[in-house]
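Engineer: Need the 3D shape of this:
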Amino acid sequence: MPEVDHSTSSHEGPSPTRQETPEPAPGTRLQGNLGVFDLVIMVLSYAGPLVVVGLFGAFVIGYGVGAATPLAVVLVAGGLCVFTVGYVAMSQSLSQPGALYTYVTAGLGRVLGLSSAFLANLTYLMFGVTLHSGLAIVLKTFISSLGGPEIPWQLIVIVSLAVTGVLGHFRVDVSAGIMTKLMVVQVIAVLVWNAVVLVKGGPQGTPLDSFVPANLSNGSLPIALLLLITGFVGFESTAVFRDEVRDPNRTIPRAAYISITTIAVFYVLSFWASAVAYGPDRVVDAALSDPAGFFPASVREYLGSVSADLVSVMLVMSYLCGVIAAQNILSRYLHALGADGVLKWNVGRVHPRHGSPYVANILATALLIVMFVPFVGGDPEKPYTVLAAAGVLALLLLLTLSSIAVVVYFRRDGSGSSTWKTVIAPLIAAVLMVTLTVFGLLNLDVLGATNILTAVIFGTAVLGAVVALVYRRVQPETYRRIGRSQV
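Structural biologist: Here you go, the predicted structure:
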């Protein structure tokens, strides 16, 4: 689909309601050669499907809907695909990078646009800290299991921040290549386990209880949906790499849908295999009694002790992929603000050789370090749990704003896109996201979030709006560049 040029209307002369799209500052355009597969790997790495199946899945099954978790996965994937309809329409209509920040600005204006940018950066900072904490937990455990020294988790975090910072300095293709190799190994390993379990069967054979809709009433479906969204995080970031992909109008939509579908199929098979391995009647008790051993125990039973030991290695690999992807996404959101002039211009600078956001990459590392400071004296489990839950709430707010922005943008733009893409699907998505957000706020204790972090999330969104209003008053040229929007 060709890009829509909004700089002029179909009539002669400039549109009375729009301005020319502000150009990015010289030397701020990113470079890369990512294809659909590379972008899908980036999403898979960030979502961490092995982490979800190998560790987080026990909580989804235990506190959610038990054996019916595969059906809950289908519901989440369906809802996210509905959201992606409007997301894709915006990505094909707007040529600016910045993803959700750009889309909210184009639809709802610069004040809410900058508010969403602040919220997006906070979201990916929280997820980044979560992933680095998770890496520290599994690597520390793995080293201890081999009889190695007791390494402080803080040291592991410092090393992982240094590694991701170095990789983020180079062209994005370098990170994509590393993640591809690590991710393929993990996916194949879990699929082998799935196949063995489903062919061999469990204590009750290979039952289909996981696909009986009535079983969704066993437990809490809303909790299951909220927890499962964590396993899809990253699908909404495909457009942030717009300047670094081949043929973005085709690559980004394909990568978004393929990512959601691939993750969903992976989870459906894996959670079904878990239900089969333990039996639908016992799977919940098994998940709640030993969440950390839930997955390794079934691997040991079906594939042997050596394979179970390899699970620890693969978990380390999965978290390593996650921290690399998190660094890339966060640095590009910060780069977008630098290129727009909201942050210092040098934050938007691109490395002359690697085409990477190398200054934003340094800033991303510094901000992650700052985010870790309140947790340094405690255990890594603290930032891992509370920031993951808070990150989901922040992401849901972003997705809600984005869905509303799609409707407003195309209603004002009048570009002739289908009603399904520009009105119906985005409105359905907005209702779904608002519902889940409200339920999450009402169940902070279950999710592991805190009132303080919730206040930080809303406070950050308000701060972004206030900064936009200040720019409008004292630096109107900078204000006009927010999101490089024409409104």
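Engineer: right, and the helix or strand after the helix or strand harbouring V82?
Structural biologist: Applying DSSP states H and E as the criterion places V82 in helix 69-93. Using DSSP H and E, the helix or strand that follows helix 69-93 in sequence is helix 100-108.
Engineer: Let's test this: mean pLDDT of that next one, rounded?
Structural biologist: Helix 100-108 comes out with an average pLDDT of 92.
Engineer: how far does that helix sit from the chain's center?
Structural biologist: From the chain centre to the centre of helix 100-108 is a distance of 18 Å (C-alpha atoms, centre = their mean, to the nearest Å).
Engineer: which residues make contact with that helix from outside it?
Structural biologist: 87, 90, 94, 96, 98, 112-117, 120, 236, 239, 333, 336-337, 398-399, 401-402, 404-409, 482-487 (C-beta atoms under 8 Å, 6 or more residues apart in numbering). To be clear about C-beta, it is placed using only N, CA and C from the backbone, and glycine gets the same treatment.
Engineer: related to what we said a few turns ago, could you check the angle the helix holding V82 makes with helix 100-108?
Structural biologist: Put simply, helix 69-93 runs at 70 degrees to helix 100-108, going by axes from the mean of the first three to the mean of the last three C-alpha atoms, to 10 degrees.
Engineer: quick one on the thing from earlier: return the subset of the contacts of helix 100-108 lying in helices.
Structural biologist: Counted as lying in helices by DSSP state H, out of the contacts of helix 100-108, are 87, 90, 112-117, 120, 333, 336-337, 398-399, 401-402, 404-409.
Engineer: List the buried residues for stretch 273-286?
Structural biologist: A273, S274, A275, V276, A277, Y278, G279, P280, R282, V283, V284, A286 (16 or more other C-beta atoms under 10 Å).
Engineer: in the protein, what spans have low per-residue confidence?
Structural biologist: 1-29, 97-98, 414-416, 446-449, 485-487 (pLDDT under 70).
Engineer: ranges for the strands of it?
Structural biologist: With DSSP state E as the criterion, the chain has no strands.
Engineer: Count the residues that sit near the residue nearest to V407 when sequence neighbours are not counted.
Structural biologist: Setting aside the residues directly before and after it, V407 is nearest to P426 in space (C-beta to C-beta, 6 or more residues apart in numbering), at 4.9 Å. Other residues near P426 come to 28 when the count uses other C-beta atoms under 10 Å.
Engineer: Tell me where the stretch 351-487 of the chain has helices.
Structural biologist: Taking DSSP state H, counting those that start in this stretch to define them, one finds helices in the stretch 351-487 of the chain at 358-372, 381-413, 419, 425-442, 444-447, 451-474, 476-481.
Engineer: looking at those, which is buried most?
Structural biologist: Compared across the helices of the stretch 351-487 of the chain, helix 381-413 shows the largest average neighbour count, a mean of 22 (mean count of other C-beta atoms under 10 Å).
Engineer: For A176, see how far away V245 is.
Structural biologist: Distance, V245 to A176, by C-beta to C-beta, to the nearest Å: 11 Å.
Engineer: list residues touching both of those two?
Structural biologist: Among the neighbours of V245, those also in contact with A176 (C-beta under 8 Å, 6+ apart) are L34, D38.
Engineer: list the contacts for the residue lying closest to P49 once chain neighbours are set aside?
Structural biologist: The shortest distance from P49 to any non-neighbouring residue, by C-beta to C-beta, 6+ apart, is to F266 (5.1 Å). Listed by C-beta under 8 Å, 6+ apart, the contact set of F266 reads P49, V53, V187, V190, L191.
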